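Trainee: Below: sequence and its predicted model.
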Amino acid sequence: MNILFAASEAECFFSENIELSSIVRQLPEALANNSADIRVVLPLYQGLPYEMRERLNFICSFSVSLGWRNQYCGLHELKWCDVTWYFIDNEYYFKRPGMYDFYDDGERFAFFSKAVLEVFFHIDFKPDILHCLGWQTALVPVYLNFFYRKHVNFSNLKTIFTITDVREQPRYSYEIVENVFGMWGEGASVLEYGGHINIIKGAIEASDLVSTVSPGYANDIHNRYLSCELDDFLARKVPRIEGILHGIDIKSYNPLTDLKISNNYGVADSVQGKAACKKALREIFELQDGNLPIIGIAMPFVKDNGIDLLIPVADMLLESGFQLAVTGSGDESSELFFTGLSLRRPGDAGVLICDYKEHERAIYAGCDIFLSLGQWQHVGSGHLAALRYGAIPVICESSDKRDAVSDCADGNGNGFTFRQYDPSSMFDACMRAYDMYIEGDGWESLVRRAMRCDNSWTACAAKYMELYRQTTGMRGEVQ
């Protein structure tokens, strides 16, 4: 199986959207381990680390037509971790201090999308699958069907478009279709939706198959509230959206070998190991000693992350016998609240306002309960990492985290869940966890069950390989 990925970023090269860049970095490597020939096309941003830039091999240069423009495109290659990485070079579009949020992002990623297809004429590689991730690659399947499909290089090529966040739907006026995208007639009709140009809609219609980052999210985006007005189109045009739960890097997130935690442990010695890490966590967050369960929170303080659930009941959780270890930054009002909480309740609430990545592993290893609260937060992997370290997640069932976390009330689950997205429901779930922890009956078994969950990229890659095999037997056309 030959598979070509197209994406706008990848971890270790450049990363702004942590979840997307993790998928683009980890999934190709896991697929390569399944004996597939995997290649990835990325923009060559200014921010590529020097040590990576020094290893680039220049292949060739060519022109990419975009409307009335003919733009230079340099093609570079890097072989790394069993994957071949191609980089699209154009300094006008990509030599900038940052990756996104420029006035001409529509033009920049239209150029990138068309360059991805032009690459086929300059490399000795004929993929079976072209897998595009994120809105930045939405025009790739559209351009393929509009300009390239009849060429022998593309006649049997199948396309998959992965919706990483349906809320990211760039919308434009009709003028952009011919002037910037270089399309007309049928191309405009594929992109038009709701009185404007919507490239996500175009990608969905032009692709052979559409996927998302989890089964739950595949269902959720048919919801009118979540689809950002695409639900009617999805109901009419896309009877099947495949959701595959992403994984985590189990080599990095491994309590047996993680050098960023105070004590290493596995499933067999998890009780002693977590006890030592819990003591270290108390020192980091200046929490008083005792046998109280610690709730850990490690995430950016942004909208939809669930901070709105925690703040109203934070004092109640402390009064009920919990300790809180909170790290993150972002929303100023949230930062002020948690700073004030730590001042009001020293020894019970420890707060570190900083990039949550600095202390996330100490949280996973040392806390007893991990809050992963975002109602619609997709892709985020905090709950998966928490399971790996034996920190029991508390999640809302309306989030796509339900694909990985199930309630332990029946003795088989690996966490605690609540249905209604409100503070009182979350509080009740935490109290159920508190009761099990204090009583001791079944808590150690729950921790071990959580640590045995397989959320590796290997498991994820096997599902994608099956999806690719199914897709190569399908034919997709622009409607």
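Mentor: Perfect, thanks for sending it. Predicted, not measured: the structure shown is a model, and the values here were computed from it.
Trainee: And the lowest-mean-pLDDT helix or strand in the chain, what's buried?
Mentor: The least trusted helix or strand in the chain, going by mean pLDDT, DSSP states H and E, turns out to be helix 224-227, with a mean of 72. Buried residues in helix 224-227, counted by 16 or more other C-beta atoms under 10 Å: 226-227. For every residue, glycine as well, the C-beta is placed using N, CA and C.
Trainee: So that it lines up with my notes, have the first residue be 55 from now on.
Mentor: Got it, the first residue is 55 from now on, which makes the last one we talked about helix 278-281.
Trainee: next one: the next helix or strand after that helix to chain centre, how far?
Mentor: Helices and strands here follow DSSP states H and E; after helix 278-281, the next one along the chain is helix 285-291. Here helix 285-291 is found 24 Å from its chain centre; the criterion is C-alpha atoms, centre = their mean, to the nearest Å.
Trainee: again, but for stretch 268-278
Mentor: For stretch 268-278, the distance to the chain centre is 15 Å (C-alpha atoms, centre = their mean).
Trainee: Give the buried residues for that stretch.
Mentor: So for stretch 268-278, counting by 16+ other C-beta under 10 Å, buried means 268-272, 274-276.
Trainee: Give me the contact list for that stretch.
Mentor: 217, 220, 265-266, 280-281, 284-285, 288-289, 295-300, 430, 432-433, 453-458 (C-beta atoms under 8 Å, 6 or more residues apart in numbering).
Trainee: ok so, going back, CA-only coordinates of the least confident helix or strand of the chain in PDB, if you can.
Mentor: The C-alpha trace of helix 278-281 is given here as PDB (Å, rounded to 0.1, in the frame of the first residue of the first chain):
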ATOM      1  CA  ARG A 278     -26.800  21.100  13.900                       C
ATOM      2  CA  TYR A 279     -25.100  22.800  16.800                       C
ATOM      3  CA  LEU A 280     -21.700  21.100  16.200                       C
ATOM      4  CA  SER A 281     -21.600  21.000  12.400                       C
END
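Trainee: wait, what's in contact with the residue lying closest to Gly384 once chain neighbours are set aside?
Mentor: Closest residue to Gly384 apart from its sequence neighbours, by C-beta to C-beta, 6 or more residues apart in numbering: Phe355 at 3.6 Å. Contacts for Phe355 (C-beta under 8 Å, 6+ apart) come out as 361, 382-385, 388-389.
Trainee: How much space separates Phe355 from Cys421?
Mentor: Going from Phe355 to Cys421 by C-beta to C-beta, to the nearest Å gives 18 Å.
Trainee: Same question for Arg294.
Mentor: For Arg294, the distance to Cys421 (C-beta to C-beta) stands at 39 Å.
Trainee: picking that back up, mind checking which of the contacts of stretch 268-278 land in strands?
Mentor: 217, 265-266, 295-297 (DSSP state E).
Trainee: Check those residues for the minimum pLDDT and say which it is.
Mentor: Lowest pLDDT of the ones in strands among the contacts of stretch 268-278: Ile295, 84.
Trainee: Help me confirm that it comes into contact with Ser281.
Mentor: No. Applying C-beta atoms under 8 Å as the test, Ile295 and Ser281 come out as separate, 10.8 Å apart.
Trainee: list residues touching both of these two?
Mentor: In contact with both Ile295 and Ser281: 275, 288, using C-beta under 8 Å, 6+ apart.
Trainee: so who does Leu187 touch?
Mentor: Residues in contact with Leu187 (C-beta under 8 Å, 6+ apart) are 59-61, 74, 77-78, 215-216, 218.
Trainee: Ala334 against Ala416, yeah?
Mentor: Yes. Here Ala334 reaches Ala416: they are 6.8 Å apart, a contact under C-beta under 8 Å.
Trainee: shared neighbours, the two?
Mentor: Counting by C-beta under 8 Å, 6+ apart, the residues touching both Ala334 and Ala416 are 315-316.
Trainee: Tell me the spacing between Arg503 and Arg486.
Mentor: Going from Arg503 to Arg486 by C-beta to C-beta gives 16 Å.
Trainee: Please disregard the earlier target; I meant Leu280.
Mentor: Distance, Leu280 to Arg486, by C-beta to C-beta: 28 Å.
Trainee: so how far is Glu283 from the residue nearest to Gly384?
Mentor: According to C-beta to C-beta, Phe355 stands 28 Å off from Glu283.
Trainee: Of Arg294 and Cys421, which one has the most company?
Mentor: More neighbours surround Cys421 than the other of Arg294 and Cys421, with 28 against 8 (other C-beta atoms under 10 Å).
Trainee: got the contact list for the more buried one?
Mentor: Residues in contact with Cys421 (C-beta under 8 Å, 6+ apart) are 332, 335, 348-350, 379, 445.
Trainee: quick check: domain ranges of the protein?
Mentor: The chain breaks down by automatic domain parsing into domains covering 56-301+513-525, 324-509.
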